[in-house]
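# Quick one, fold the following:
(one chain, ligands or ions: 2)
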Amino acid sequence: MLKLVAIILAAGQGTRMKSSISKMLHPLAGRPLIYYSVRAALDAGASDVVVVVGRAAKEVETYLAATFGNAVRTASQAEQRGTGHAAAMAMPVLGNAETTLILYGDTPLLEVSDLKALATALEGHPEASLAFVTCVLGDPTGYGRVLRDDKGRVLAIREQRDLRDEKERAITEVNPGVYAARLPFLRDALSQLTPNNAQNELYLTDVVEAAGKKGGAIALPTEPTSLAGVNDRAQLAAAEAAMHRRIAERLARAGVTVHGDPRIDETVEVAPDATIHSGVALRGKTIVETGATIDTGSVITDSIIETGATILPYSVITSSRVGPRAHIGPFAHLRPESDIGEEAHVGNFVETKKTVMHARAKANHLAYLGDGEVGEAANVGAGTIFCNYDGFNKHKTTLGRGVFIGSDSQLVAPVTVGDGAFVATGTTVTQDVPADALAIGRARQENKLGYAPKLRARLGERSKAKK
Ligand code: UD1
Ligand code: CA
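Numbers count the residues shown, from 1 in each chain. Ligands and ions are numbered 1, 2, ... in the order given. Sure, this is the predicted structure:
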């Protein structure tokens, strides 16, 4: 293949986003919008990628450097005078090569195969100066239209605002904005652009007309699904939904069972033979290992769900680990640094935070376990609270192996319950409990025989007297 480099235009104001942040940094399926064009250019084999930055240049540059390191460089377009002007700004910076890709930073769904096809097309047609992708849309509103002569040769691209007559307005073949050009031709064509259009800008699209006059512009028709541009937040939402569908489909082909429409971000890894149900959101650096099941409505961020674990519906898990064959939920909340061991159970309405549950430990119902350690096979009863916070500092609760905590107990941290100890229901534990001891701390119960009818009579008279 001919040596390939790439220019990515990302300097625009993004006015239609109506946003205080750069369009390029709006998240789509867990990555900033700009990520996708850069990734595609690198995956297509570009040896040098120059991103043209303008609005929020610092933030975009910082992101690119952190994500792609030396693989990506930037050029600055201080004043946004159009896509052709932006591409010209990349020229002095761009490495030498036969061919350059030119992409927009706002077309996240573009496919590497399309980019490779463009480079191959130029290679096969030495006379042509440029190749670009086209597609036919039912509603072409907003896109540049492809003008052809009666032999079907590409003449030019006409922007929506510059359409001249009904015939041009009826054209449904559009320019998605994905190009490959010979570098010497492009340098020359960019230097000759004029702002002769409705927006008084230098249009990159005018180089297509120049190519048509000089050797030819090759149009490669493709599927419209991969080429949507993101100009406003409705298009952002639509592109994100399409990206989520694409990710779910890719995982399904790789052996993941997918039910309905989970939202799995681009940053997430899911192993074959995992099962992901409808309405699940997997975000950040989440990893789901083989045989794990994530049921409906669960939201998992930056967490690892290990082999064979089951996350029942509507659980929320953040920055935590769920060990092999553990059961979580339904309606459980694992807050950051929860570490749930092998075959442990965290049931409904249980919240953990920075708590380690060792293997086979259980907390099945209604509990708050903050800053704790729960020993192997320990059982924490319903309504248990780890009182970890005194208003100033957080303290730790440690339960040993095989400990049993009766329902509705409070453990006032810092406190330790030794291996095998038993805490009676309703106890407020304020002192350490030695191993194998029984801790019981509650008022003794008294039964007054036959007292209930008397009590009722007395209460009844009192209420009559009031009326
Ligand atoms: C552009 C194309 C249009 C195509 C559509 C596909 C032009 C003139 N028009 O229109 O034919 O159908 O994309 O989505 O190219 N940018 C800069 N500097 C600028 C202006 C823009 O870097 O001065 C960048 C933007 O950040 C953006 C990209 O170029 O990533 C495209 O700009 P945008 O204004 O979105 O162009 P469209 O109107 O969508
Ligand atoms: Ca656009």
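# Please report the distance of Thr120 from ligand 1.
22 Å (Cβ to the nearest ligand atom, to the nearest Å). Where C-beta positions appear, they are placed from N, C-alpha and C, glycine not excepted.
# What of Leu334?
Taken as Cβ to the nearest ligand atom, the span from Leu334 to ligand 1 is 39 Å.
# Report how many residues lie close to that residue.
Neighbour count for Leu334, taken as other Cβ atoms under 10 Å: 29.
# Tell me which residues touch it, please.
Each residue near Leu334 by Cβ atoms under 8 Å, 6 or more residues apart in numbering is listed here: Ser303, Ser315, Val316, Ile317, Thr318, Ser320, Val322, Ile328, Ile340, Val346, Glu351, Thr352.
# So which of those residues belong to helices?
Per DSSP state H, helices hold no members of the contacts of Leu334.
# Would you mind writing the PyMOL command to select the buried ones in these?
This is the PyMOL syntax for the buried subset of the contacts of Leu334, where burial follows 16 or more other Cβ atoms under 10 Å:
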select buried, resi 303+315+316+317+318+320+322+328+340+346+351+352
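# Quick one: the contacts of Leu334 as CSV, columns for distance to Gly138 and pLDDT too.
Converted to CSV, those look like this (distance: Cβ to Cβ, whole Å; pLDDT from 0 to 100):
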residue, distance to Gly138, pLDDT
Ser303, 41, 99
Ser315, 41, 98
Val316, 40, 99
Ile317, 41, 99
Thr318, 41, 99
Ser320, 45, 99
Val322, 45, 99
Ile328, 45, 98
Ile340, 49, 99
Val346, 49, 98
Glu351, 49, 98
Thr352, 50, 98
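# Just want to check the distance between the spatially most central residue of the chain and Glu61.
The residue lying closest to the centre of the chain (Cα atoms, centre = their mean) is Gly30, at 2.1 Å. According to Cβ to Cβ, to the nearest Å, Gly30 stands 21 Å off from Glu61.
# Neighbours of the nearest residue to the residue nearest to the centre of the chain once chain neighbours are set aside, how many?
Using Cβ to Cβ, 6 or more residues apart in numbering and skipping residues adjacent in sequence, the residue nearest Gly30 is Asp265, 2.9 Å away. With neighbours defined by other Cβ under 10 Å, the count for Asp265 comes to 21.
# Report the contact partners of Asp265.
Shown in contact with Asp265 (Cβ under 8 Å, 6+ apart): Ala29, Gly30, Arg31, Ile247, Leu282, Arg283, Gly284, Thr286.
# would you turn those into CSV with pLDDT, distance to ligand 1 and secondary structure?
Formatted as CSV, these follow (pLDDT from 0 to 100; distance: Cβ to the nearest ligand atom, whole Å; DSSP: H, G, I helix; E, B strand; the rest coil):
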residue, pLDDT, distance to ligand 1, secondary structure
Ala29, 98, 18, coil
Gly30, 98, 20, coil
Arg31, 98, 15, strand
Ile247, 98, 22, helix
Leu282, 98, 28, strand
Arg283, 98, 25, strand
Gly284, 98, 26, coil
Thr286, 98, 29, coil
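# In the stretch 301-450 of the chain, which residue sits nearest ligand 1?
Using Cβ to the nearest ligand atom, Thr301 is the residue of the stretch 301-450 of the chain that sits closest to ligand 1, at 28.6 Å.
# which residues does that residue form a beta bridge with?
Arg283, Thr318 (DSSP bridges).
# How much space separates Val256 from Thr293?
For Val256, the distance to Thr293 equals 11 Å [Cβ to Cβ].
# Looking at the contacts of Asp265, state which has the most neighbours.
Ranking the contacts of Asp265 using other Cβ under 10 Å puts Leu282 first, with 27 neighbours.
# so it touches Ala274, yeah?
No. At 10.2 Å, Leu282 and Ala274 do not qualify as touching, with contact defined as Cβ atoms under 8 Å.
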